[in-house]
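> this is a predicted model, with the sequence first.
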Amino acid sequence: MIRIYITRLIINFFDYFQQKKIFLFLKKKLKKNVTLFDVGAHHGETVNYFIKYFNFSSIHSFEASNKNFNILKNKIKKNEDYRIILNNFGLSDINQNFKIKQFQETSSTTLSKINHDSKYFKKKIKVLGLKESQKIYENSDVKLKQLDSYCENKKINKIDLLKIDTEGHEYFVIKGSINTLRKIKYIYFEHHYDDMLIKGYKYSDIHDLLKRYDFVKIYKSKMFFRKTFEYIYENSKLD
C-alpha cells in the first residue's frame, strides 16, 4: 500500500501541471455562473479545480464507487456549499445496476472488463508493487443512470462543461446524454489507448458521435506515464 501511495503522489505531481494548463484554457472560455458536471469524481480532485478556477452556479458530481464516494463526501462537505451536489451513482447509456471493479489504486476503479493478459496491465501492477496472485481489485454493486434522465428530473437546461473520467466508460456516458448534447457547450474527457481496458468502443466512435451533434475538437494532450489522451470538444452551434 505504501508503494501505491508513493506512485500516486508522483503521478499527481505531474498531473497537477497538466490539469492546471487545461483549466486555465477552459477558464478563458467559461465566464460567470456556469453549470459544471463532473462524471467520475473520484476523491474530488476535479471538484476542487472547478471551485478554484470557475465562477459557478452549480457543480453536479457523480461517483459510482461507494468507497470513493465516502472519501469524496468527507472532503467536499467541508465547503458546506449548497451549490455542490454530490451523487453516489455513475452515468451510462441506460439506467441499471452494475458491477464496478474497485482497484486498490482507487483512481483505476472501472466499469470496464480487464484484459489480464495485457502487457500494460502486467506493467501497471508491477509498478504498483503488486503480484498477479494478489486481489488487485474487488467487484461491488453500483447504480448507473442516464445524464438525460438526471437533467430532466433536475430541470437542467444547460451544461457549460461536462467532464468525464470514467476509466473506459466515457462513450456510454455520452450515449446516455443524447437528448442533452445540444445544451452542452464543452465536453472534456479522457480516452485510454492501452489494451488493459476492454471498453467495447474506439476513440473514433466518440469523435463520430460528437461530430454528428456539431461538436468540434479544440484541445488534445497526452497524460504523463500513460497511454491516455485528454480531449476537449466544443459545441459549435451553442453560443
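Yep, it's here. These figures come from a predicted structure and were not determined experimentally.
> tell me where the protein has strands.
Assigned by DSSP state E, the strands in the chain fall at 34-39, 56-62, 84-87, 90-91, 96-103, 113-114, 137-145, 159-164, 184-192, 197-198, 215-222, 228-235.
> so what are the sheet partners of the first one and their directions?
Just to be clear, that refers to strand 34-39. Strand pairing for strand 34-39, determined by DSSP bridges: strand 56-62 (parallel), strand 159-164 (parallel).
> report the distance from that strand to the chain centre.
Relative to its parent chain, strand 34-39 has a centroid offset of 11 Å by Cα atoms, centre = their mean, to the nearest Å.
> please apply the same query to the third one.
Strand 84-87 has its C-alpha centroid displaced from the chain centroid by 15 Å (Cα atoms, centre = their mean).
> quick one: contacts of it?
Strand 84-87 is contacted by residues 41, 47, 51, 58-63, 69, 72-73, 76-77, 150 when judged by Cβ atoms under 8 Å, 6 or more residues apart in numbering. C-beta here means a position set from N, CA and C on the backbone, and glycine is covered the same way.
> buried subset of those residues?
41, 47, 51, 58-63, 69, 72-73, 76, 150 (16 or more other Cβ atoms under 10 Å).
> looking at pLDDT only, which of those scores worst?
Lowest pLDDT of the buried ones among the contacts of strand 84-87: I76, 90.
> what pLDDT does the closest residue to it other than its chain neighbours get?
Leaving out its chain neighbours, the residue that sits closest to I76 by Cβ to Cβ, 6 or more residues apart in numbering is G44, at 4.9 Å. For G44, the pLDDT comes out at 94.
> now do K20
92.
> what about the most centrally placed residue in the chain, distance to T110?
For the chain, the residue nearest the mean C-alpha position is D165 (1.6 Å; Cα atoms, centre = their mean). According to Cβ to Cβ, to the nearest Å, D165 stands 11 Å off from T110.
> now this structure, which segments are flagged as low pLDDT?
Flagging of the chain using pLDDT under 70 yields the residue ranges 1-14, 78-79, 128, 130-134.
> which residues of it fall in helices?
Per DSSP state H, the chain carries helices over the ranges 2-27, 45-53, 66-76, 119-127, 147-154, 170-175, 203-212.
> could you tell me the angle between the fifth one and strand 184-192?
Orientation note: helix 147-154 sits at an angle of 140 degrees relative to strand 184-192 (axes from the mean of the first three to the mean of the last three Cα atoms, to 10 degrees).
> ok so, going back, which one is the residue nearest to the centre of the chain nearest to, not counting chain neighbours?
G40 (4.0 Å).
> contact partners for the one you found?
By Cβ under 8 Å, 6+ apart, the neighbours of G40 are F62, E63, G90, I164, D165, T166, E167, H169.
> dump those into a markdown table; add distance to D195 as well.
Listed next are those as a markdown table, based on distance: Cβ to Cβ, whole Å:
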| residue | distance to D195 |
| --- | --- |
| F62 | 27 |
| E63 | 26 |
| G90 | 23 |
| I164 | 21 |
| D165 | 19 |
| T166 | 18 |
| E167 | 14 |
| H169 | 16 |
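> between those residues, which is nearest E230?
D165 (8.8 Å; Cβ to Cβ).
> can you redo the strands of the chain as a markdown table with distance to I22?
Supplementary listing: these in a markdown table, determined by distance: least, Cβ to Cβ, whole Å:
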| stretch | distance to I22 |
| --- | --- |
| strand 34-39 | 14 |
| strand 56-62 | 17 |
| strand 84-87 | 20 |
| strand 90-91 | 21 |
| strand 96-103 | 24 |
| strand 113-114 | 28 |
| strand 137-145 | 26 |
| strand 159-164 | 10 |
| strand 184-192 | 7 |
| strand 197-198 | 22 |
| strand 215-222 | 7 |
| strand 228-235 | 7 |
